[in-house]
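Enquirer: Need a 3D model of the sequence below.
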Amino acid sequence: MTVLLVHDDREYLRDPGEELQTDLGVLDVPEDVEPGTTLETHLGEPFEVRPLRGPDLFNHFERTGAPMMPRDVGLVAGHTGVGRGDRVLDAGTGTGVLAAYLGRMGADVTTFERDPDFAEVARGNMELADVTDRVDVRAGDVTEALDEGDLDDESPFDVLTLDTGDAPAVVARAPDLLVGGGFLAVYSPFVEQTREIVAAAREAGLADVETFETIQRRMDFDDRGSRPSTAGVGHTGYLTFARRS
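Expert: Modelled structure (predicted):
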């Protein structure tokens, strides 16, 4: 069980039995370490032991590109109602942030990543998230898997989540992939592709098709006053949701 060691604004990941060496001293992580306890280096510097939560995974996953932001994950969870026992087909694993969050919610996720090297990184991230029993990372193209019938024994799914360039083509097949009442969630960074996704969802006969631009602004408070922060990225992309009737 990997834990997070925190000292002020410093964070380190370590497994029980491992050693942490910093300019603050050397710290041995006990085999029976428990979150909520405080450990000290040989110089007497304290480190709080914390369990890994979703935001920690986002911050510490090995990245193969821009991961889905927590706010986008929240919209996917809120609009699909995904939960324990649901079966999810995901395509465009990338770093694996969405797949890990869904797995920690109790869903069983089959996720496809075209790049074999990226898929291997995502598998390592699933180990860190402790969801390897729930998240199956497969190297390959989901459309090819569908064409070859590799998912025939696994469908239909409760939720279909996509973050791929060929998302419209997969959306067209959503009625055959989803259970009655199942949800589709598609992320895209571009308006042009989002229009194609919406058109494909409508043509496929999916219900409740709606798209949201995801924007979030952090607030800054200081002695001069309060205002939205001018730092960071407020816009991340577009999320389209639909449901099989």
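
Enquirer: make it CA atoms for all contacts and neighbour counts henceforth
Expert: OK.

Enquirer: quick one: the residue nearest the centre of the chain from E11, how far?
Expert: Of all residues in the chain, the one closest to the mean position by CA atoms, centre = their mean is L98, 1.7 Å from it. From L98 across to E11, the span is 22 Å (CA to CA, to the nearest Å).

Enquirer: go on, L4?
Expert: 7 Å.

Enquirer: So for the two, which sits in the more crowded spot?
Expert: Neighbour count, other CA atoms under 10 Å: between L4 and E11, L4 has more, with 21 against 17.

Enquirer: Which element, helix or strand, includes the nearest residue to F61 once chain neighbours are set aside?
Expert: With sequence-adjacent residues excluded and distances taken as CA to CA, 6 or more residues apart in numbering, F61 is closest to N125, at 5.8 Å. Following DSSP states H and E, the helix or strand that holds N125 is helix 116-129.

Enquirer: Report the buried residues of that helix.
Expert: By 16 or more other CA atoms under 10 Å, the buried positions in helix 116-129 come out as F118, A119, E120, V121, A122, R123, G124, N125, M126, L128, A129.

Enquirer: per-residue pLDDT, the residue lying closest to R243 once chain neighbours are set aside?
Expert: The shortest distance from R243 to any residue other than its chain neighbours is 4.5 Å, reached at F183 (CA to CA, 6+ apart). F183 is assigned a pLDDT of 98 by the prediction.

Enquirer: Confirm F183 sits in a helix?
Expert: No - F183 is assigned strand when assessed by DSSP: H, G, I helix; E, B strand; the rest coil, not a helix.
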